[in-house]
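*Asks:* Got a predicted structure here, sequence first:
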Amino acid sequence: METSKALRIVKPHLTSARYEHTERVMETAVHLAKLYGSNEEKAAIAAVFHDYAKYRNLDEMKKWILSSYLPKDLLHYHHELWHGPVGSLLVEREHGIIDPEIKDAIYYHTTGRAHMSTLEKVLFVADYIEPGRSFSGLEEVRDTANRNLDKAAWLVSRNTIQFLMGKENTIYPDTFHAYNDLTNKLSGGN
Ligand code: DGI
Ligand code: FE
Ligand code: FE
């Protein structure tokens, strides 16, 4: 699918601020894909659709989780975690996107997971560092993203876990799995 067509498809599903975020994630993901030898077209399509399901109503998302192959344990965690998995389901059902690499990048963009592909890490990091975001610690992740994708993805999962624990939120297992896997990869394990 052409990027321009994908952008036209997602636009009516997003707020204008979210659409602009999506455009910046796309540019950042293409930049990182180029840098780390991942497929740029796939990075662009995954980025354009990554927040596709963000504004579906909760009952509809619940219904998709219950009636599909998606893991039911999602329902025991914050609904913010649903839009990646549900988005990966809906891009296939509604737009015929069946490429498993694209679908997995969309699926895991919020939590990450163990053994992420380069494309998954590209989107996971791009969503976090796109130029419209600003919070403390972000410059370190931006700098690192240009040198070491694993280290940047590790920083994203570490920061996310610290942020969530600071708020005493629950943390989805894949979020921990991403952190543990990248920690082992970077340190040789312990
Ligand atoms: O959709 P975006 O706002 O662009 O970004 P996102 O999909 O990466 O993240 C949405 C939110 O999800 C973000 O505030 C962090 C939060 N999040 C990530 N992992 C977990 C989580 N929230 C909970 N409760 N548990 C998690 O494991
Ligand atoms: Fe998201
Ligand atoms: Fe996003």
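*Replies:* Nice, I can see it. Numbers count the residues shown, from 1 in each chain. Ligands and ions are numbered 1, 2, ... in the order given.

*Asks:* Which stretches in this protein count as helices?
*Replies:* Counting by DSSP state H, one finds helices in the chain at the ranges 3-10, 16-36, 40-49, 58-66, 83-95, 100-107, 118-129, 138-145, 149-166, 173-187.

*Asks:* and of those, who's closest to ligand 1?
*Replies:* Nearest to ligand 1 among those is helix 173-187; the distance by CB to the nearest ligand atom comes to 3.6 Å. Every residue, glycine included, has its C-beta placed from N, CA and C.

*Asks:* how much space between the closest residue to residue 170 other than its chain neighbours and residue 175?
*Replies:* Here the nearest residue to residue 170 in space, its sequence neighbours aside, is residue 77; by CB to CB, 6 or more residues apart in numbering that works out to 5.9 Å. The spacing between residue 77 and residue 175, counted by CB to CB, to the nearest Å, is 10 Å.

*Asks:* out of these two, which sits in the busier spot?
*Replies:* Comparing residue 77 with residue 175 by neighbour count (other CB atoms under 10 Å), the higher total belongs to residue 175, at 21 against 17.

*Asks:* my guess is the more buried one meets residue 158, correct?
*Replies:* No. Look at residue 175 against residue 158 with CB atoms under 8 Å: they stay out of range, at 10.4 Å.

*Asks:* Tell me, how many residues neighbour residue 136?
*Replies:* 7.

*Asks:* Likewise for the one 5 residues further on?
*Replies:* Other residues near residue 141 number 21, with proximity taken as other CB under 10 Å.

*Asks:* same question, the one 10 residues further on
*Replies:* Around residue 151 sit 17 other residues, with neighbours defined as other CB under 10 Å.

*Asks:* what's the first-to-last distance across stretch 65-75?
*Replies:* One end of stretch 65-75 sits 8 Å from the other (CA to CA, to the nearest Å).

*Asks:* An error on my part: the question was meant for stretch 51-69.
*Replies:* Distance between the boundary residues of stretch 51-69 (CA to CA) amounts to 20 Å.

*Asks:* related to what we said a few turns ago, how close does the residue nearest to residue 170 get to residue 181?
*Replies:* Spatial separation of residue 77 from residue 181 under the definition CB to CB is 19 Å.

*Asks:* now swap in residue 150 and tell me
*Replies:* When distance is defined by CB to CB, residue 150 is 10 Å away from residue 181.

*Asks:* can you check residue 105 too?
*Replies:* Distance from residue 105 to residue 181, counting by CB to CB: 16 Å.

*Asks:* Distance-wise, check the residue positioned nearest the centre of the chain relative to residue 130.
*Replies:* Within the chain, the residue whose C-alpha comes closest to the C-alpha centroid is residue 109; the distance, by CA atoms, centre = their mean, is 1.5 Å. Per CB to CB, residue 109 is found 12 Å from residue 130.
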